[in-house]
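Visitor: Take this sequence and fold it.
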Amino acid sequence: MTSNGLPLEDTISEAERVAGVARAQTVGVKLLGGAGIHLHSPSAHHPPLRRKYGDLDYVISAKDRKAALAFFPSLGYEANERFNLMQGDRRLYFFDGNNGKQVDVFIDVIRMSHVIDLRGRLAHNGPCASPSDLLLSKLQIYEVNRKDLVDLTALVLDHPIATGDDEAIDAAYVARLACADWGLCRTLEINVAKLRHTVDELDVDRDLVRSRLDELWSAVEAQPKPLKWRMRAQVGDRVRWYELPEEVRSPYQPE
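Guide: Just a heads-up that it's a prediction; the model follows:
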């Protein structure tokens with residue numbers, strides 16, 4: 001691929017640049033993280049939910065792996081050759097040396113505190129993962145921080161709970177995943193409670209966010225739980241149910 005310039009300093013402007021080139025070249029990169037929520041959620045553009053963003057996170061289908069390996073260098077990024085050689089079947093890393101940022105690319109599956117399998121969910125138009133998957137990508141982080149919770153507030157504020165709508169949060173889908181894995185369900189439960197506390201501190205339409213969280217969690221509670229889920233629930237918090245993923249250090253980050 002020919003060069004498409006250098007990464008921009010502003011993360012959102014850069015995300016939009018990447019999206020434009022990806023669309024033109026039909027490379028199926030879907031934006032995750034806070035920047036993904038920003039592009040999906042107008043409420044993230046204004047206080048009290050507006051914030052600065054750092055690195056960019058994407059997810060791609062395995063069929064787009066080869067294209068991604070050429071795509072990001074064509075945009076001015078440097079590949080983490082060692083990491084991509086060792087882990088490149090499930091994750092890729094690229095660096096923006098000019099601005100000291102990095103791009104993290106998950107392949108098919110998001111592996112963080114839990115595993116979210118996105119195979120079959122990335123063929124839609126648009127630069128971002130679906131609102132449901134953006135929600136899960138944040139809510140499944142066991143060590144969720146305030147920035148994540150602010151992002152989630154914007155996402156829930158701007159997207160209704162509905163099924164069969166690409167611009168909505170699909171509670172039935174979230175419930176199916178939560179009730180297939182007790183550990184994921186437990187982390188979601190903890191983080192929904194944290195999200196409620198955060199919403200109480202923000203000048204937003206709290207009743208709307210709370211009602212949507214109620215609707216989401218009612219779907220999780222109503223979903224039948226298989227025997228494996230119920231047996232793990234009996235063990236509960238006595239055994240750790242989440243992973244603490246290690247950060248991949250950029251060569252441009254100080255020790």
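Visitor: Just the mean pLDDT for stretch 90-97, thanks.
Guide: Per-residue pLDDT over stretch 90-97 has a mean of 97.
Visitor: Stretch 18-32 - what's its average pLDDT?
Guide: Here the average pLDDT along stretch 18-32 is 96.
Visitor: got the buried residues for it?
Guide: Along stretch 18-32, these residues count as buried under the neighbour rule (16 or more other CB atoms under 10 Å): 18-19, 21-22, 27-32. To be clear about C-beta, it is placed using only N, CA and C from the backbone, and glycine gets the same treatment.
Visitor: again with stretch 230-245
Guide: Buried-residue list, stretch 230-245, by 16+ other CB under 10 Å: 232, 241-242.
Visitor: re earlier: just the ones in helices from the buried residues of stretch 18-32, please.
Guide: Among the buried residues of stretch 18-32, the residues falling in helices (DSSP state H) are 18-19, 21-22.
Visitor: Rebuild the buried residues of stretch 230-245 as a markdown table, extending it with pLDDT, distance to Phe95 and secondary structure.
Guide: As requested, these are exported to a markdown table (pLDDT from 0 to 100; distance: CB to CB, whole Å; DSSP: H, G, I helix; E, B strand; the rest coil):
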| residue | pLDDT | distance to Phe95 | secondary structure |
| --- | --- | --- | --- |
| Arg232 | 98 | 39 | helix |
| Trp241 | 98 | 33 | coil |
| Tyr242 | 98 | 28 | coil |
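Visitor: in stretch 184-201, what's buried?
Guide: Buried residues in stretch 184-201, defined by neighbour count with 16+ other CB under 10 Å: 184-188, 191-192, 194-196, 198-199.
Visitor: Give me the contact list for that stretch.
Guide: Residues from elsewhere that reach stretch 184-201, judged by CB atoms under 8 Å, 6 or more residues apart in numbering: 113-114, 139-142, 144, 146, 149-150, 152-153, 156, 174, 177-179, 206, 209-210, 213, 216-217, 220, 229, 237, 241-242.
Visitor: Sort out for me which of the residues you listed are in helices.
Guide: Cross-referencing those against helices under DSSP H gives 139, 146, 149-150, 152-153, 156, 174, 177-178, 206, 209-210, 213, 216-217, 220, 229.
Visitor: Filter those residues down to the buried ones.
Guide: By neighbour count, with 16+ other CB under 10 Å, the ones in helices among the contacts of stretch 184-201 hold 139, 149-150, 152-153, 156, 174, 177-178, 209, 213, 216-217, 220, 229 as buried.
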